[in-house]
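Colleague: sequence and predicted structure are below.
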Amino acid sequence: MARSIRLAVLTGLLAALVIGTGTVFAGPGDNNKLVNASLTGLPQAFVNQFLVGVKGGGHPWALEEGNARLGRDGHLDLNVHGLVLFPEGNNPVTSGRAIVSCNGGADIVQSDVVPFDPSGDAHVNQFLTLPRQCLAPTIFFTTASGVWLAVSG
């Protein structure tokens with residue numbers, strides 16, 4: 001009987017630890033993941049308005065496909081494919097960057113500028129210096145000047 005009680009208590013403590021940390025016995029490499037999200041284009045003009053500290057673009061953008069993966073070590077791998085003005089269907093912007101907003105916009109971290117081709121494709125693969133705590137991270141793909149065109153959802 002005492003052994004059953006100890007086993008039940010141990011199981012309960014282990015379950016509380018797993019639920020409390022948000023980790024479910026991840027495989028190798030999974031424990032580094034902070035964000036793994038798809039991206040969505042800017043649905044409407046967002047002039048002079050901010051989303052968690054990042055200014056929105058002045059024109060809607062459509063995105064064929066986009067995703068971002070951010071590790072606790074700051075490694076960011078972001079891809080956009082077919083990010084174009086809507087409804088025009090073209091991309092007049094030649095360069096962009098990724099921005100990670102942490103802690104409700106209190107901490108903003110930017111990648112280096114990357115090429116953004118006319119068909120709307122870009123790739124960021126870089127280590128960023130994140131704040132010690134990066135709560136509720138939001139990842140953006142922006143113009144080189146930092147106006148967002150796509151955001152993690």
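Modeller: Nice, thanks for sending it over.
Colleague: contacts for stretch 123-133?
Modeller: 72-80, 97-98, 100, 102-103, 107, 109-112, 114, 141 (CB atoms under 8 Å, 6 or more residues apart in numbering). Backbone N, C-alpha and C define where each C-beta goes, glycine included.
Colleague: which residues in the chain form helices?
Modeller: 2-21 (DSSP state H).
Colleague: just the buried subset of the contacts of stretch 123-133, please.
Modeller: Among the contacts of stretch 123-133, the ones that count as buried by 16 or more other CB atoms under 10 Å are 75-76, 78-80, 97-98, 100, 102, 107, 109-111, 114, 141.
Colleague: in strands only, show me those.
Modeller: The strands, defined by DSSP state E, take in 75-76, 78-80, 97-98, 100, 102, 107, 109-110, 114, 141 from those.
Colleague: switch those residues over to JSON lines; also include distance to residue 147 and pLDDT.
Modeller: Below are these laid out as JSON lines (distance: CB to CB, whole Å; pLDDT from 0 to 100):
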{"residue": "75", "distance to residue 147": "25", "pLDDT": "98"}
{"residue": "76", "distance to residue 147": "19", "pLDDT": "98"}
{"residue": "78", "distance to residue 147": "16", "pLDDT": "98"}
{"residue": "79", "distance to residue 147": "19", "pLDDT": "98"}
{"residue": "80", "distance to residue 147": "15", "pLDDT": "98"}
{"residue": "97", "distance to residue 147": "10", "pLDDT": "98"}
{"residue": "98", "distance to residue 147": "13", "pLDDT": "98"}
{"residue": "100", "distance to residue 147": "16", "pLDDT": "98"}
{"residue": "102", "distance to residue 147": "19", "pLDDT": "97"}
{"residue": "107", "distance to residue 147": "19", "pLDDT": "97"}
{"residue": "109", "distance to residue 147": "16", "pLDDT": "98"}
{"residue": "110", "distance to residue 147": "12", "pLDDT": "98"}
{"residue": "114", "distance to residue 147": "15", "pLDDT": "98"}
{"residue": "141", "distance to residue 147": "11", "pLDDT": "98"}
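Colleague: my guess is residue 121 contacts residue 80. True?
Modeller: Yes: Residue 121 lies in contact with residue 80 (CB atoms under 8 Å); the separation is 6.6 Å.
Colleague: which intervals of this protein have sub-threshold pLDDT?
Modeller: Scanning the chain for pLDDT under 70 picks out 1-31.
Colleague: what's the closest non-adjacent residue to residue 115?
Modeller: Once flanking residues are discounted, residue 115 sits nearest to residue 95: 6.0 Å by CB to CB, 6 or more residues apart in numbering.
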